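>>> I'd like to go over a predicted model; first the sequence, then the structure.
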Amino acid sequence: MTQASPDRGPVFTPAGRLWTHKRVWPRVGGWPRRWLPVAALLLLALIWGYTWPVMKLMLDYAEPFPYAAMRTFLGGVGLVALLPLLRRPLRPRALLPTLLLGLLQTAGFLGLMTWALAGEGAGKTAILTYTMPFWLLLLAWVFLGERLRGFQWCAVGLALAGLVLVVAPWQFEEGLSPFLAIGGALSWAASAIIAKILRRRYEVDLFSFTAWQLLLGSLPLVMVAGLDWSPPVWSKTFIAGLAFTVVAGNMLAWLLWLYVLSALPAGMAGLGTLLTPVLGITASWLQLGERPARLEGVGMGLIVSALAVTVVRELLRGRRPP
């Protein structure tokens, strides 16, 4: 097996190991390396959690598809432009799998999610979108052989009960938004499976891989937006919000997500994202006045409990002697 040079950054190898993660960062500030994916997951949840009210606010200034096209295309162009400056491979490796990932993760997920957000509250859409971990657990069982064991059933049960209380399907009104959000969740889960399979079969640079999937995935959104282009209302608020979603919500967040997905089992990475909708609901409550109902609050508590069970179990497992 060929190991990656430490100055190349995170690299997926055919055997599925992130060599530079272990060689360059054996400890960071005294932290064992097993904490790095957990720290990345928490940072990702904070970014994506606050992105929900920002996205909802941006739809007051732009139509869903033009906004989705701008944030993804600009994010992809920005990352690709950084490749030569960071001395990363400019030419995409495994072009067709990267294109497929972009279609599912960028075009499918972000396109459907933004469309759903136009007709539903940010908090409710966030929760519906984050049914993704349950679809991912099912797909990972079928395609990756990752079976649920012991404590994971407990975490899934708590999280599922929490999502049912938050979603409150008995209160659904007619409309496409809930189905669009769930469709986005399915697309995201499928993209995570593609990323895991690609990681096993190809050696790809994480930064280059993220850049090209984002840029290629943005092209269908650009084409859809171009069919009926409505220019946004340019203002300081819109420019600031667009900059945040491009740089933090897309460029940084997708790097963190693909890194987490490379370092943790797919089902575990998916469960870890369940903190994001809780933060999204909280941020939407504080910034947009979308106050959750009593049952939604109980559901949020169950989701947090599921996340706590998952994280504590992983930390205890990491302490066992080899």
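Looks like it arrived, so ask away.
>>> pLDDT score assigned to Leu261?
We have a pLDDT of 81 for Leu261.
>>> what's near enough to touch Ala94?
For Ala94, the contacting residues are Leu198, Arg201, Tyr202, Val204, by Cβ atoms under 8 Å, 6 or more residues apart in numbering. C-beta here means a position set from N, CA and C on the backbone, and glycine is covered the same way.
>>> Among those, give me the pair with the biggest separation.
The distance between the two most remote of these (Cβ to Cβ) is 9.6 Å, for Arg201 and Val204.
>>> Those two: which has the busier surroundings?
Set side by side, Arg201 and Val204 show more neighbours around Val204, with 24 against 12, by other Cβ atoms under 10 Å.
>>> Neighbours of the closest residue to that one other than its chain neighbours, how many?
Spatial nearest neighbour of Val204, chain neighbours left out: Arg93 (4.7 Å); criterion: Cβ to Cβ, 6 or more residues apart in numbering. Using other Cβ under 10 Å, Arg93 is surrounded by 16 other residues.
>>> I'd like the distance between Arg93 and Thr129.
From Arg93 over to Thr129 the distance is 29 Å, taken as Cβ to Cβ, to the nearest Å.
>>> ok, which stretches of the stretch 101-250 of the chain are helices?
Along the stretch 101-250 of the chain, the stretches classed as helices by DSSP state H, counting those that start in this stretch are 109-117, 122-129, 132-143, 151-167, 177-201, 206-227, 236-244.
>>> In CSV, list the ones you listed along with distance to Arg291 and mean pLDDT.
Below are those laid out as CSV (distance: least, Cβ to Cβ, whole Å; pLDDT from 0 to 100):
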stretch, distance to Arg291, mean pLDDT
helix 109-117, 18, 92
helix 122-129, 9, 79
helix 132-143, 25, 82
helix 151-167, 13, 77
helix 177-201, 19, 88
helix 206-227, 32, 93
helix 236-244, 22, 95
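>>> Of those, which stretch is the most buried?
When you average the neighbours per residue for each of these (mean count of other Cβ atoms under 10 Å), helix 122-129 leads with a mean of 27.
>>> Centroid-nearest residue for the chain?
Residue closest to the average C-alpha location in the chain (Cα atoms, centre = their mean): Trp257, at 5.6 Å.
>>> My understanding was that that residue contacts Ile47; is that so?
No. Using Cβ atoms under 8 Å, Trp257 is not in contact with Ile47, being 9.9 Å away.
>>> related to what we said a few turns ago, got the contacts of Ala94 as JSON lines, with distance to Ala185 columns?
Below are the contacts of Ala94 laid out as JSON lines (distance: Cβ to Cβ, whole Å):
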{"residue": "Leu198", "distance to Ala185": "21"}
{"residue": "Arg201", "distance to Ala185": "25"}
{"residue": "Tyr202", "distance to Ala185": "26"}
{"residue": "Val204", "distance to Ala185": "25"}
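>>> Among those, which one lies nearest to Trp35?
Checking the contacts of Ala94 against Trp35 by Cβ to Cβ gives Val204 as the nearest, at 24.8 Å.
>>> Find the helix or strand that the residue nearest to the centre of the chain is a member of.
For Trp257, the host element (DSSP states H and E) is helix 253-263.
>>> And for Gly299?
helix 294-319.
>>> re the thing from before, okay if I get the helices of the stretch 101-250 of the chain as TSV plus distance to Leu82?
Output for these, formatted as TSV (distance: least, Cβ to Cβ, whole Å):
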stretch	distance to Leu82
helix 109-117	20
helix 122-129	28
helix 132-143	28
helix 151-167	36
helix 177-201	20
helix 206-227	7
helix 236-244	16
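>>> so how far is Met55 from Ala122?
Separation of Ala122 from Met55 (Cβ to Cβ) stands at 7 Å.
>>> count of neighbours near Pro89?
Using other Cβ under 10 Å, Pro89 has 17 other residues around it.
>>> Make 494 the first number, not 1, from now on.
Right, with 494 as the first residue, what we last looked at is Pro582.
>>> Now it: phi and psi?
Torsion angles at Pro582 (phi, psi; degrees, to the nearest 10) stand at phi -60, psi 130.
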